[in-house]
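Participant: A structural model of the following input is requested.
(2 chains)
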Amino acid sequence: MKLFEYQGKQLFEKYNISVPKGRLVKGEKDFSDLDFPCVLKAQVPIGGRGKAGGIKSANDVKDAKEKLLQVLGMDIKGFKVTKVLAEEKVGIKKELYLSITLDRSKRMSLIMASGQGGMDIESVPDELIFKEWVNPLIGVQQFNIRTILTKLKLGKEEGKEVAQIISKIYRLFREYDCELVEINPLIISSDGSAMALDSKVIINDDSLYRHLDITVENEELTDLEKEAKEKGIAFIQLGGNIGVIANGAGLTMATLDALNHFKGDGGVFLDLGGTDDPEKVKQAFELMKKAKPNVIFLNLFGGITKCDTVAKGVKAVITKEGIDIPVITRIKGMNEGAAKDILKDAGLITATTLQDAAQKSSDLAGGK
Amino acid sequence: MAIFVDEKNKVVVQGATGHQGVFHIGEMLGFGTKVVAGVTPGKAGQEVHGVPIFNNTNDAVVETGADTSLVLVPARFAKDAVFEALDAGVKTVVAITENIPFHDAMEFVHYAKYKDAVLIGPNCPGIASPGKTKIGILPGSIFKKGNVGVASRSGTLTYEIVNSLSEKDIGQSTCVGLGGDPIIGTTFIDALDAFEKDKETKAVVLVGEIGGAAEEDAAEHIIEHIDKPVFAFIAGRTAPPGKRMGHAGAIIARGKGTAKSKIKAFEKADVKIAQFPTDIADLVEKYS
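Facilitator: Down below sits the predicted model:
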C-alpha cells in the first residue's frame, strides 16, 4: 500500500528524521502557526503532481487560502485531491536522492543514493546512482554506509547527518515491512542539517496485519475492486469489455493475452484461485455481472479442483440468478467431460481449446 | 535421476492436521511420496492416513529421519516454520504458503542458503518428479514420466502446460513450481543448472510471467551455461503497468518487468517462445 506523503512523513518523524514544519490544511485557520512563505502540496498516490499543478507556493495567508481552493478537488491523473499538506519553505544548500527498496534478483535490500536529488530517479544516469546491497541476516552495517558516503563526496558534517538518516530509514524499511522508502529530495538545509522534503513509502500489503497503526486507504482501487478485496477475490478492472474468470493468476493472465491475440479486449481479471466452493463461484459471477462486460469468458483448469464441481457451482448460480451476458466456457482437466455436459445443459457456450474460446469471446464482444 | 527431489526424500508436513494437510498427505501418499511425519503443535500422538504427528519438527526429524519439509502453515506462522525446519536439520524445504510478508521470505531465503539447504517457494505449488515423488499440492494425475524439465512461476498455468505435454506423450523428469512471490528461494537459474546436469532431462520448459527480472537473468545464464534446448511461455503480455496481476510478484513496476523485455531476452538466448500455453507441447515435439 502506497502511503500519502504526509503519512510517510509521520513515520519519518517517528524515526527522528527531520521534515519541514507542516500540517494538513482545510482552511485559513490551519495556517495560523505556520510561517510564510509556504508550499501547498496535493496528496495523491502518484508521481508527477508538480507538473500537473498540484504543488503551489504561497506568500501569506490570503494567498495560501486562494491556492488551497485551487488545489483541493483538482484531478491529478485520475485522483481527486481531498487532502493538502502545507509546509514551511526551507533554505536548500544541496539536494540528494536516497531510497531503500527490494532487489528481487539478489533477494536483498538495496540502498540507492545520488547527488542528483530532486529529479525523477529514472532520468538520472546509472553511473550517478550509487548502490549498496544489505544482507537481511546482518542488517545495514557501517561499511555499507561508509561506501555510500564516500561515493556521494559529502563534507564531514553533512556525511554524519546522512549516515544517521540511512540507518534510520533502514530501520523503518525493515520494521514497517516496506517495499520502498524514498526521500527525494533529501536536502542539506542552509543550516547544514539533513531533512526529508518529500516521502514515498510503500508498505507490503501482506504485512499490514502487523502494522495496525497504519490507516489503510485503498485510494487506488475502484469500488468493485474494493468489494472484491473484502470478499477475498483477486479482481482487477481493466479497460476492455470481456470479463475473464479463470483459476490461478498465471492462467488468468494467459487468458487475457489469448483474447488480445484475437483482437479481444479484457475488461476484468478475476482469479478464482484454488476454490471450487459454490459460494465463491457465486460471488465471482455477481461481481462480474456488476462490472457489465459484453461477454464473460470462463477458463478453468481442474487439477485438485474438479471441473464438474466448479461447473455445478456455475450452473447453480446461472439457473438461480439468471444471466443476460453470453458466457463462453473452456474447461480442461479432471472430470472435464462431465463438466462440459453440465455447462451445456446450463445453456452456456462450450469450447474445446483456449484459442477457440478466445476467438469466440472476442468475436461476440465486438472487438476493441 | 531427477532434480532436487526423488523417491529417497523423506517428507515431514508442517501444518499436517488442517483440511489442506490431511487432503494433500493422502494425495502424496497415493503418488508414492514417502511422507514419514506430520507436525502440528499440541497434536503429537495423532495420525493422518497412518502418518504419525509430532509437536515440533525436531521431534519428527529425530524420530523418523525426515530430510525434507513441506510447509502448509498460514502466512503469519510461515517464517517460524521454515526456520524451525532448517534448524531441525532438514535439507529441502518446500513452502506452499501464499501471502507471506516478503521481508520474512528474505530472511528465510538467506538462512536456507546459510544452512546449505534447498528452499522451493514460497507461494508455489511444490515439486514433482513423476514416477518418484511429489512434494506439494500439484495434481498427480497430470504427470507422465519422461525427459522434459519444467520450472514455473505459476500454478494452474503449469498444470495446463504439463497436462498438454502429457497428452502428447511428452513426459517430464521434474516439474518445479518456483512461486509467484517477489522473493523466492529456488530461481530459474538454480533449476536450469540442475536440469543441465541431470542426465534424464533432455529439454527444459520455463513458465514465466511479468514482474522482476528472473527471466532476463535466466536468459543471460542460458547463453553462458546451458546447452540443452529451452522453451518458454510468458504470461502477462497484455497486463497494464502498475497493476498487481494476482501474484504478489506479477507487477510491472517503474517500467521494469514487462513481458516484452522478457521475450526479447529469451529470443536472444535462442529460447523458443510459445504464443499460447498449450503450444509449448508442439514446440517441444518439433525441436527436441
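Participant: what segments of the stretch 151-288 of chain B are helices?
Facilitator: Ranges of helices in the stretch 151-288 of chain B, per DSSP state H, counting those that start in this stretch, are B:156-167, B:188-197, B:214-225, B:259-268, B:279-287.
Participant: select, out of those, the one closest to residue B:68.
Facilitator: Proximity to residue B:68 (CB to CB) singles out helix B:188-197 among those, at 15.6 Å. (Glycine included, C-beta is placed from N, CA and C.)
Participant: the inter-axis angle of the closest one versus helix B:214-225?
Facilitator: Helix B:188-197 and helix B:214-225 meet at an angle of 40 degrees, taking axes from the mean of the first three to the mean of the last three CA atoms, to 10 degrees as the criterion.
Participant: quick check: domain ranges of the chain?
Facilitator: Chain wasn't specified; assuming chain A. By the assignment in automatic domain parsing, chain A contains the domains A:21-88, A:92-210, A:223-365.
Participant: chain B is the one I meant
Facilitator: According to automatic domain parsing, the ranges for chain B are B:10-120, B:139-287.
Participant: quick one, which of the ones you listed is nearest to residue A:289?
Facilitator: Nearest of the domains of chain B (CB to CB): domain B:139-287, 20.7 Å.
Participant: end to end on the closest one, go ahead and measure it.
Facilitator: Using CA to CA, to the nearest Å, the gap from the first to the last residue of domain B:139-287 comes to 27 Å.
Participant: and that domain, how far from the chain's centre?
Facilitator: From the chain centre to the centre of domain B:139-287 is a distance of 11 Å (CA atoms, centre = their mean, to the nearest Å).
Participant: for the stretch 151-300 of chain A, what lies in contact range of chain B?
Facilitator: A:174, A:177, A:179, A:204-207, A:209-210, A:234, A:236, A:238-239, A:246-254, A:256-261, A:266, A:269, A:271, A:274 (CB under 8 Å from any CB of the partner chain).
Participant: and the longest helix belonging to chain A, what does it pack onto?
Facilitator: Across chain A, the longest stretch assigned as helix under DSSP state H is helix A:156-175. Helix A:156-175 is packed against helix A:5-14, strand A:92-103, strand A:108-114, helix A:142-152, strand A:178-189, strand A:194-196, with contacts defined by 3 or more CB pairs under 8 Å, 6 or more residues apart in numbering or on different chains; DSSP states H and E.
Participant: highest mean neighbour count out of the domains of chain A?
Facilitator: domain A:223-365 (a mean of 21; mean count of other CB atoms under 10 Å in any protein chain shown).
Participant: only C-alpha atoms, please: export stretch A:206-218 in PDB.
Facilitator: Taking Å, rounded to 0.1, in the frame of the first residue of the first chain, the C-alpha atoms of stretch A:206-218 are listed here in PDB:
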ATOM      1  CA  ASP A 206       0.800  -9.000   3.100                       C
ATOM      2  CA  SER A 207       2.300  -7.500   6.300                       C
ATOM      3  CA  LEU A 208      -0.500  -4.900   7.100                       C
ATOM      4  CA  TYR A 209      -1.900  -7.300   9.700                       C
ATOM      5  CA  ARG A 210       1.100  -6.400  11.900                       C
ATOM      6  CA  HIS A 211       1.000  -2.700  11.300                       C
ATOM      7  CA  LEU A 212      -2.300  -1.700  12.800                       C
ATOM      8  CA  ASP A 213      -1.200   1.900  13.300                       C
ATOM      9  CA  ILE A 214      -1.200   2.400   9.500                       C
ATOM     10  CA  THR A 215      -4.600   3.600   8.200                       C
ATOM     11  CA  VAL A 216      -5.400   1.600   5.100                       C
ATOM     12  CA  GLU A 217      -6.700   3.800   2.400                       C
ATOM     13  CA  ASN A 218      -7.400   2.000  -0.900                       C
END
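Participant: now do that stretch: distance to the chain's middle.
Facilitator: 14 Å.
Participant: just stretch B:3-17 next, same as before
Facilitator: With CA atoms, centre = their mean as the basis, stretch B:3-17 stands 13 Å off its chain's centre.
Participant: which of the residues in it are buried?
Facilitator: B:3, B:4, B:5, B:9, B:10, B:11, B:12, B:13, B:14, B:15, B:16, B:17 (16 or more other CB atoms under 10 Å in any protein chain shown).
Participant: check contacts around the third one.
Facilitator: With CB atoms under 8 Å, 6 or more residues apart in numbering or on different chains as the criterion, the residues that contact residue B:5 are B:68, B:92, B:127, B:129, B:132, B:133, B:135, B:174.
Participant: now with 7 Å, please.
Facilitator: B:68, B:92, B:127, B:129, B:133, B:135 (CB atoms under 7 Å, 6 or more residues apart in numbering or on different chains).
Participant: may I ask which of the residues you listed has the most neighbours?
Facilitator: Neighbour count (other CB atoms under 10 Å in any protein chain shown) singles out residue B:127 as the most crowded of the contacts of residue B:5, with 31 neighbours.
Participant: can you tell me the closest non-neighbouring residue to residue A:347?
Facilitator: residue A:318 (7.4 Å; CB to CB, 6 or more residues apart in numbering or on different chains).
Participant: among the helices and strands packed on helix A:156-175, which is nearest residue B:165?
Facilitator: Among those, the nearest to residue B:165 by CB to CB is strand A:92-103 (33.6 Å).
Participant: and the closest one, what does it pack against?
Facilitator: If you count contacts as 3 or more CB pairs under 7 Å, 6 or more residues apart in numbering or on different chains; DSSP states H and E, strand A:92-103 packs onto strand A:108-114, helix A:156-175, strand A:178-189.
Participant: relative to strand A:178-189, how tilted is the longest one?
Facilitator: Put plainly, it is helix A:156-175. 160 degrees.
Participant: ok, and what's touching helix A:156-175?
Facilitator: Contacts of helix A:156-175 (CB under 7 Å, 6+ apart): A:11, A:15-17, A:98, A:100, A:109, A:111, A:134, A:140, A:145, A:148-149, A:154, A:178, A:181, A:186, A:188, A:192-194, B:103.
Participant: before we move on, back to that, could the domains of chain A go into TSV alongside mean pLDDT?
Facilitator: Converted to TSV, the domains of chain A look like this (pLDDT from 0 to 100):
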stretch	mean pLDDT
domain A:21-88	92
domain A:92-210	95
domain A:223-365	90
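Participant: tell me who's in contact with the residue nearest to residue A:203 when sequence neighbours are not counted.
Facilitator: Excluding the flanking residues, the one nearest residue A:203 by CB to CB, 6+ apart is residue A:1, at 5.2 Å. For residue A:1, the contact set (CB under 7 Å, 6+ apart) comprises A:202, A:203, A:205, A:208, A:216.
Participant: now residue A:184
Facilitator: So residue A:184 contacts A:97, A:117, A:118, A:121, A:198 (CB under 7 Å, 6+ apart).
Participant: wait, residue A:36 sits on residue A:57?
Facilitator: No - the criterion here is CB atoms under 7 Å, and residue A:36 misses it with residue A:57 at 9.4 Å.
Participant: what does the stretch 51-200 of chain B put close to chain A?
Facilitator: B:75-76, B:99-103, B:106-107, B:109-111, B:114, B:137, B:139, B:141-142, B:154-157, B:159-160, B:163, B:180, B:182-183 (CB under 7 Å from any CB of the partner chain).
Participant: drop anything exposed from those.
Facilitator: Buried members of those, counted by 16+ other CB under 10 Å: B:75-76, B:99-103, B:106-107, B:109-111, B:137, B:139, B:142, B:154-157, B:159-160, B:163, B:180, B:182-183.
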